[in-house]
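*Asks:* Here is my input; please provide its structure:
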Amino acid sequence: MNILSRRALLGTAAAAATLPLLPAAQAAAPLRNELPPAWHRFKVGSYELTIISDGSLPLGETGPAFPSSPAAEVRDLLTGNFLAPTTATLEQNALVLNTGRQLILFDTGMGESMGEASKMFGPTTGRLLANMKAAGIEPSQIDVVALTHAHCDHCWALVDASGNKNFPNAQVAISEVDLKFWTDDSNKRGPAFMTPFIDGAKKNLAAYRDRMIMVQDGKEVVPGVTGFATPGHTLGHMVYFIADGNNVVVNTGDLAHHQILLLRKPLWEFSFDTDPKLSAQSRLKMLTRLASDKHPVLSYHFPWPGLGHVKQEGEGFGWYPASMNVTTL
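*Replies:* Predicted coordinates:
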């Protein structure tokens, strides 16, 4: 080391010794442990669509949910796609369609109408109303609530805990098959979840019984929205084609619950299906159509915001999420 560099180093050290000691760095703020409002807005033709999150829905262990699927194959499919090997968490992606004439909400999420039962999947559900308001949409503005089916995570926010309408100016569109099945106490048999599911559907649908639209296969529900029957998950499960001219997006509801397991293996059975074998056939048929038509798809339970495309690959299908850049408006 030369004389100049030694002197510079010693000078720096001496100067540092005269500086006041600073306190050790500390966290500037507590952890928030909360999520921001979740909504995503895009356009289909002249229509404006807003995906609204009702929060995540932890399904838990995959074994009970996919009882007839080989456990090793389930694990390999999950780990091969960088997912937890034995558990699954679903999302809840509701949709608000603004056609310029009407506001249509597709499915409502879990809500709080059934007290403790509303948290049967944990505390992360029931956020639709708050997220709607954050997106600038008031429940009183909704003209039609179109239900894909009458399960708890799709219709239990029609009313509040006191049975009052959350959407006071809305009609409710549902298939007649689902309306009859999920309000019939004689169907309280089989899996334990059937009793709360039916009690919840009865409470939520009863408030709108004088304002019902019966959805029919292949028929328009409101201008621009056509329902197609995909029975099995429930016997009256519907998907909705939303079209402005040649511009189309398809709301598939619970056609497939998982973007890997039930797309790669569309004939696998799911424990919450009313008729698992019929559901698998409906899933395969509609996924084949969606892959052929190449329409964008909104799936209720796929990773947020559930918007993407389905592509036929081998014996199953691949899921290709849509870009989330701001130019979608």
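*Asks:* Is Glu91 in contact with Ser53, as I believe?
*Replies:* Yes - if you go by Cβ atoms under 8 Å, Glu91 and Ser53 touch, sitting 6.9 Å apart. All C-beta spots, glycine's among them, are computed from the backbone N, C-alpha and C.
*Asks:* And the helices in this protein?
*Replies:* In the chain, the segments counted as helices under DSSP state H are 3-18, 62-65, 71-79, 128-134, 152-155, 176-181, 194-206, 261-264, 276-293.
*Asks:* now the strands: where do they sit in the stretch 201-329 of the chain?
*Replies:* Applying DSSP state E, counting those that start in this stretch to the stretch 201-329 of the chain gives strands spanning 212-215, 219-222, 225-229, 238-244, 247-253, 297-299, 307-313, 316-321.
*Asks:* Go ahead and produce PDB holding the CA coordinates of the third one.
*Replies:* Think strand 225-229. Output of strand 225-229 as PDB, limited to C-alpha atoms (Å, rounded to 0.1, in the frame of the first residue of the first chain):
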ATOM      1  CA  VAL A 225     -76.200 -13.900 -22.400                       C
ATOM      2  CA  THR A 226     -77.100 -17.400 -23.300                       C
ATOM      3  CA  GLY A 227     -77.100 -20.400 -20.900                       C
ATOM      4  CA  PHE A 228     -76.000 -23.900 -21.800                       C
ATOM      5  CA  ALA A 229     -76.700 -26.900 -19.600                       C
END
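*Asks:* Give me the packing partners of that strand, helices and strands only.
*Replies:* Where contact means 3 or more Cβ pairs under 8 Å, 6 or more residues apart in numbering; DSSP states H and E, strand 225-229 is packed against strand 171-175, strand 219-222, strand 238-244.
*Asks:* picking that back up, let me know which of the helices of the chain is tucked in deepest.
*Replies:* helix 152-155 (a mean of 28; mean count of other Cβ atoms under 10 Å).
*Asks:* Show me the contact partners of that helix.
*Replies:* Contact with helix 152-155 is made by 54, 57, 92, 107-110, 114, 117-118, 120-121, 125, 147-149, 196-197, 200-201, 204-205, 253-254, 300, as judged by Cβ atoms under 8 Å, 6 or more residues apart in numbering.
*Asks:* quick revisit: quick one: the helices and strands packed on strand 225-229 as CSV, columns for mean neighbour count and distance to Leu287 too.
*Replies:* Compiled in CSV, those are given as follows (neighbours: other Cβ atoms under 10 Å; distance: least, Cβ to Cβ, whole Å):
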stretch, mean neighbour count, distance to Leu287
strand 171-175, 24, 20
strand 219-222, 15, 22
strand 238-244, 23, 11
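*Asks:* low-confidence ranges in the stretch 201-329 of the chain?
*Replies:* Along the stretch 201-329 of the chain, the model assigns pLDDT under 70 to residues 324-329.
*Asks:* what about the residue nearest the centre of the chain, distance to Pro139?
*Replies:* Centre of the chain computed as the mean C-alpha position; nearest residue by Cα atoms, centre = their mean is Gln92, 2.3 Å away. Here the criterion is Cβ to Cβ, to the nearest Å. By it, Gln92 lies 17 Å from Pro139.
*Asks:* same question, Phe121
*Replies:* 22 Å.
*Asks:* Ser118 too?
*Replies:* 17 Å.
*Asks:* again, but for Trp39
*Replies:* Counting by Cβ to Cβ, the gap from Trp39 to Pro139 is 14 Å.
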